[in-house]
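Student: Below is the sequence, then the predicted model.
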Amino acid sequence: MKVLATIRKKMKELAKKKDQCGGDTFVRKSRLANIYHCCTHKSGSQWLRQIFNDPIVFQHCGLRQYAYADYLPDKMDDRKVKDRCFHHRFPNGAIVSPLYITYDNFTKIPKNLPYKTLFIQRDPRDLITSYYFSMKFSHSDFAPVKARRQKLQELDTTEGLIFCMDHLMHTGTFDVLKSWNKADDETVLVLRYEDLIDTRSHHFFKLLFDHCEINVTEHSLHDLLKRYEFKTLSDGRVQGQENIYHHYRKGIAGDWKNYFTEETVKTFKAKTKRLIIDLSYEKDENW
């Protein structure tokens, strides 16, 4: 309840403020009141947040990036992802990014009209792997992370991956993936994280921006993607070159294959049932 009260208070304060450009100008003001960037953790959420916060994006839509968690104690929403709900509107004229939430709870948010929504889906096996390395090595070291990190230091890789799998199930990450997979809404575009980091990322970012009515020029899009490519964000490493202590660890899809053992695969199948098939990452159980 304390989290919700803090969020409500900040939303009201921001809603009362007039839009101040601070010297920035925009080429085109979007007709949209809001854009919602929804996702799970470990699906490029902070990466996309940076992109949505870039001056190039603002110049082509006039919407400011807004992350509600920045105004919470420790900048963290400590509710389980599957339990996160919002009963008040987010500030008008904002790109709400990131928003970790189930589709059902997203539909219950009172919204300014018109709006568009984006959901980024990622292979849950890679989510588990990325979460494992983040918790064990690279994530900032505050209380909840310290406890998980200490536990992971006591476990081997297989045990650690299963520990992370259980945590993600408990907090609702897989529930989020399931819920958005069933979304039937023309305002929603579901994209795969794997496609956004692929060699065809230019095409998929164009789909993303077209859906969100952010009409960037080809030249601006090229500059934007160059600014936020893996090599730039990872201090010069190319995709596939690993640094376990860096937030941008490896930058590839399918890395789970390097760490899942037969036991990990068996446990994943038992716990998640048909999830990997329903999300179209596999055609059947024979993987």
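Tutor: In hand now; what should we look at?
Student: C-alpha from now on. contacts and neighbour counts both.
Tutor: Fine.
Student: Please name the residues that touch residue 205.
Tutor: Residue 205 sits next to residue 196 when contact means CA atoms under 8 Å, 6 or more residues apart in numbering.
Student: Summarise which helices and strands the helix or strand hosting residue 169 is packed against.
Tutor: Applying DSSP states H and E as the criterion places residue 169 in helix 157-171. Contact here means 3 or more CA pairs under 8 Å, 6 or more residues apart in numbering; DSSP states H and E; on that basis helix 157-171 packs against helix 124-133, helix 262-272.
Student: buried ones in the longest one?
Tutor: Right, helix 262-272. For helix 262-272, burial by neighbour count (16 or more other CA atoms under 10 Å) applies to 264, 265, 268.
Student: Turn those residues into a markdown table, columns for pLDDT and distance to residue 195.
Tutor: Formatted as a markdown table, those follow (pLDDT from 0 to 100; distance: CA to CA, whole Å):
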| residue | pLDDT | distance to residue 195 |
| --- | --- | --- |
| 264 | 98 | 25 |
| 265 | 98 | 24 |
| 268 | 98 | 23 |
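Student: you'd agree residue 119 is in a strand?
Tutor: Yes - assignment of residue 119 by DSSP: H, G, I helix; E, B strand; the rest coil places it within a strand.
Student: measure it to residue 85 for me?
Tutor: 16 Å (CA to CA, to the nearest Å).
Student: higher neighbour count, the two?
Tutor: Legend: neighbour count by other CA atoms under 10 Å for residue 119 and residue 85, higher for residue 119 (27 against 18).
Student: just to revisit the earlier point, take the helices and strands packed on helix 157-171 and lay them out in a markdown table including distance to residue 183.
Tutor: As requested, these are exported to a markdown table (distance: least, CA to CA, whole Å):
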| stretch | distance to residue 183 |
| --- | --- |
| helix 124-133 | 18 |
| helix 262-272 | 19 |
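Student: ok so, going back, work out the gap between the helix holding residue 169 and the centre of the chain.
Tutor: 19 Å (CA atoms, centre = their mean, to the nearest Å).
Student: Stretch 87-101 now?
Tutor: That offset, for stretch 87-101, works out to 14 Å (CA atoms, centre = their mean).
Student: And the contacts of it?
Tutor: Against stretch 87-101 from outside (CA under 8 Å, 6+ apart): 8, 11-12, 14-15, 19, 32-41, 45-46, 48-49, 52, 62-68, 81-85, 108-112, 176.
Student: just to revisit the earlier point, could you work out which of the helices and strands packed on helix 157-171 reaches nearest to residue 238?
Tutor: Nearest to residue 238, of all those, is helix 124-133, at 17.3 Å by CA to CA.
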